[in-house]
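S.K.: my questions concern the predicted model and sequence given below.
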Amino acid sequence: MGKLRIKKKGYWRKAYTRKDGVKVKRTWVPPTTYMAKDMGAPGRTPKARQWAKFEKVTGWKKTQKPTTRRRKVMAATDKRRSRHDRYVEAGRMMNQLANVTTDKSTETKARADANYFFRMAKKTPERR
């Protein structure tokens, strides 16, 4: 990705009063141009900057009932761990999905599921 030339229009900056009581008149800010890094298309993250790693296929879908969604996510966690640790792992998986997605309903449901798993982890005693 290269550089882009950004052209800003001129505008009138509003008049204001400073804290010490001095009134500042409105002023004209002249038009300007500058070079900026091309950030790509909106909503798209370059491959090199993608941090989310979805390593497990859970079968989670936003169209499913909450109990079904949560059961499938719990089934994808490591069975050798304690119930508390599995709840935390499932909550982190859902939180990651909610942070990365651009779909509003997916974000809402994934965030709700993450909060559910974190609540359940607080209720469940941690085994060492």
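M.R.: Received, thanks.

S.K.: C-alpha only now, for contacts and for neighbours.
M.R.: OK.

S.K.: ok, and the closest non-adjacent residue to Tyr11?
M.R.: Val29 (5.4 Å; CA to CA, 6 or more residues apart in numbering).

S.K.: ok, the one you found - contacts?
M.R.: By CA atoms under 8 Å, 6 or more residues apart in numbering, the contact set of Val29 is 10-13.

S.K.: average pLDDT across whatever helix or strand Thr33 lives in?
M.R.: Using DSSP states H and E, the secondary-structure element containing Thr33 is strand 32-37. Across strand 32-37, pLDDT averages out at 92.

S.K.: buried sites along the very next helix or strand once past it?
M.R.: For strand 32-37, the succeeding helix or strand toward the C-terminus, using DSSP H and E, is helix 66-75. Of the residues in helix 66-75, 69-70, 72-74 count as buried by neighbour count, 16 or more other CA atoms under 10 Å.

S.K.: output the strand holding Thr33 as PDB - backbone C-alpha positions only.
M.R.: C-alpha atoms of strand 32-37 as PDB (Å, rounded to 0.1, in the frame of the first residue of the first chain):
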ATOM      1  CA  THR A  32      -3.900  22.300   2.700                       C
ATOM      2  CA  THR A  33      -2.600  19.000   1.200                       C
ATOM      3  CA  TYR A  34      -0.500  16.300   2.800                       C
ATOM      4  CA  MET A  35       0.600  12.800   2.200                       C
ATOM      5  CA  ALA A  36      -0.800   9.900   4.200                       C
ATOM      6  CA  LYS A  37      -0.400   6.100   4.300                       C
END
